[in-house]
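S.K.: Build the 3D model from these lines:
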Amino acid sequence: MGCISDELLGTFLPIVVYWLYSGFYIMLGSFDNYRLHSRKEEDVKNLVSKKTVVKGVLLQQTIQAAVAIVLFTVTGDAAGDAAALQNSSLVLVRQFLIAMIVLDTWQYFMHRYMHHNKFLYRHIHSQHHRLVVPYAFGALYNHPLEGLLLDTIGGALSFLLSGMSPRASIFFFSFATIKTVDDHCGLWLPGNFFHVLFRNNSAYHDVHHQLYGSKYNFSQPFFVMWDKILGTYMPYSLEKRVGGGLEVRTAKEHKGD
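M.R.: Numbers count the residues shown, from 1 in each chain. Got it, this is the predicted structure:
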């Protein structure tokens, strides 16, 4: 890919993609009819400023980039061998599926544990839940330790266990980044590609960010299988909100857990 190495692209392109795709959703945020929460709710319910969110995301991305550089350096020879074997699109599909399952599995169990362990939730994971009303560029707003444990280590495991090359990782991690941003965008757009392919979407994850759903819908970013298998799946419906837009409704919304 030109004069830039695959390792550098695999490290920094997902970061660029994160801000570009978030910017796309910032522009679409003016379409109030597709918002899952009103602008007033976003301003009132969220417990952290957008400036603080940007700083937090940049810190996490700095840590991710540092770990990625180390990972690519350590696995350099093995990655070169893997790249030589990738002559088939079927190989790439298999690697992507393995990486998706590994990432989902790691994040489900780590995410769920951070909710059930009171110390970890209070001091670490609650930072992400200061965004009661999620928005696109807040997708990676986490405590730095959570970012390292959930996202960075999860990404490293999916890379290593799938056997993908640095070149393949460019596409996988850019795709995973877009999916994560989409899940936090706070919008339900008609014809959304991700809503067609995945049941894990912006409405599904919005349930988790609400008080009544905080012990449900832990799965991210791709599938809902672990929630289904382990009984933490909370079904929902989308209804028109009084005053415009949409809202996510569940049977337990007014009953608590």
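S.K.: Tell me where the stretch 51-200 of the chain has helices.
M.R.: 76-85, 89-116, 118-123, 144-146, 153-162, 166-183, 193-197 (DSSP state H, counting those that start in this stretch).
S.K.: who's in contact with the third one?
M.R.: In this case it means helix 118-123. Residues from elsewhere that reach helix 118-123 (C-beta atoms under 8 Å, 6 or more residues apart in numbering): Tyr113, Met114, His115, His143. Heads up, the C-betas are built off the backbone N, CA and C, glycines and all.
S.K.: repeat that for 7 Å
M.R.: Met114, His115 (C-beta atoms under 7 Å, 6 or more residues apart in numbering).
S.K.: Equivalent analysis for the shortest one, please.
M.R.: Helix 144-146 is touched from outside by Leu59, Gln60, Ile63, Met114, Ile124, His125, His128, with contacts defined as C-beta under 7 Å, 6+ apart.
S.K.: tell me the two of those residues that are most distant?
M.R.: Leu59 and Met114 (18.5 Å; C-beta to C-beta).
S.K.: Who has more neighbours out of those two?
M.R.: Legend: neighbour count by other C-beta atoms under 10 Å for Leu59 and Met114, higher for Met114 (21 against 16).
S.K.: Contact partners for the closest residue to that one other than its chain neighbours?
M.R.: Nearest residue to Met114, sequence neighbours excluded (C-beta to C-beta, 6 or more residues apart in numbering): His125, at 3.9 Å. Applying C-beta under 7 Å, 6+ apart to His125 gives the contacts Met114, His115, Glu146.
S.K.: May I see those residues organised as JSON lines, with distance to Val16 and pLDDT added?
M.R.: Putting the contacts of His125 into JSON lines (distance: C-beta to C-beta, whole Å; pLDDT from 0 to 100) gives the following:
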{"residue": "Met114", "distance to Val16": "28", "pLDDT": "97"}
{"residue": "His115", "distance to Val16": "31", "pLDDT": "97"}
{"residue": "Glu146", "distance to Val16": "23", "pLDDT": "97"}
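S.K.: and which of those residues is nearest to Ile229?
M.R.: Nearest to Ile229 among the contacts of His125, with distances taken as C-beta to C-beta, is His115, at 17.1 Å.
S.K.: how much space between the closest one and Ala251?
M.R.: 20 Å (C-beta to C-beta, to the nearest Å).
S.K.: Which of the two has more residues huddled nearby?
M.R.: His115 (18 against 11).
S.K.: Point to the residue nearest the middle of the protein.
M.R.: Thr180 (2.8 Å; C-alpha atoms, centre = their mean).
S.K.: Show the contacting residues for that one.
M.R.: Ala139, Pro221.
S.K.: Can you get me a residue count around Gln220?
M.R.: Neighbours of Gln220 (other C-beta under 10 Å): 26.
S.K.: got a list of what the nearest residue to it once chain neighbours are set aside touches?
M.R.: Nearest residue to Gln220, sequence neighbours excluded (C-beta to C-beta, 6+ apart): Gln107, at 5.4 Å. By C-beta under 7 Å, 6+ apart, Gln107 lies in contact with Leu150, Gly154, Gln220.
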